[in-house]
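>>> Need a 3D model of the following:
(one chain, ligands or ions: 1)
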Amino acid sequence: MKIRKNDQVLIISGDDKGKKGKVLKSFPSQGKILVEGVNLASKHVRPKKSGQKGQIVKTPKPITSSKAKLICSKCNKGVRVSNNRVCKKCGAEI
Ligand SMILES: [Zn+2]
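All right, here's what the predicted structure looks like:
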């Protein structure tokens, strides 16, 4: 898997297509990544005290890494990279 934690990625398919975000976590054994603000699932949080309202909190869920492309900081867009994480467009290391 070429995508690692703290990489900037562009989502290329699914509901979040076109979104950009930072990789918060990677799960190489599952081929999945967790991206900030992407694939959000609503989670209901119960009130802690009586009289308080319950809340809906959105938390990201992991996505398949093939749904994301690395963003090259030189090209400033999602690019294809070779195995050693070199941008195929400009040759910069990502
Ligand atoms: Zn590039």
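>>> residues near G14, how many?
The number of residues packed near G14 is 13, by other C-beta atoms under 10 Å. No exception for glycine: its C-beta is placed from N, CA and C like everyone else's.
>>> For it, give me the pLDDT.
At G14, the model reports a pLDDT of 93.
>>> what about the residue nearest to the spatial centre of the chain, distance to the ion?
Nearest to the geometric centre of the chain sits V35, at 2.3 Å (C-alpha atoms, centre = their mean). To the ion, V35 is 20 Å away according to C-beta to the ion, to the nearest Å.
>>> and the protein, which residues reach the ion?
Applying C-beta under 5 Å from the ion, we find that the chain lies next to the ion at 72, 74-75, 87, 89-90, 92.
>>> Could you rerun that using 8 Å?
For the chain, the contact set with the ion under C-beta under 8 Å from the ion comprises 72-75, 79, 87-92, 94.
>>> Of those - the most surrounded one?
Within the residues of the chain next to the ion, neighbour counts (other C-beta under 10 Å) peak at C72, which reaches 24 neighbours.
>>> OK, contacts around it?
Neighbour list for C72: 78-79, 81, 87, 89-90, 92, 94 [criterion: C-beta atoms under 8 Å, 6 or more residues apart in numbering].
>>> same thing with V57?
By C-beta under 8 Å, 6+ apart, the residues touching V57 are 42-45.
>>> Among those, name the ones in strands.
Those of the contacts of V57 mapping onto strands are 42-45, per DSSP state E.
>>> Helices along the protein, start to end?
Taking DSSP state H as the test, none of the chain falls into helices.
>>> which regions of it sit below the pLDDT cut-off?
In the predicted model, the chain carries no residue with pLDDT under 70.
>>> Could you pull out the strands in the chain for me?
With DSSP E as the criterion, the chain has strands spanning 8-11, 20-27, 32-35, 40-45, 55-60, 63-64, 68-72, 77-79.
>>> Sounds good, over and out.
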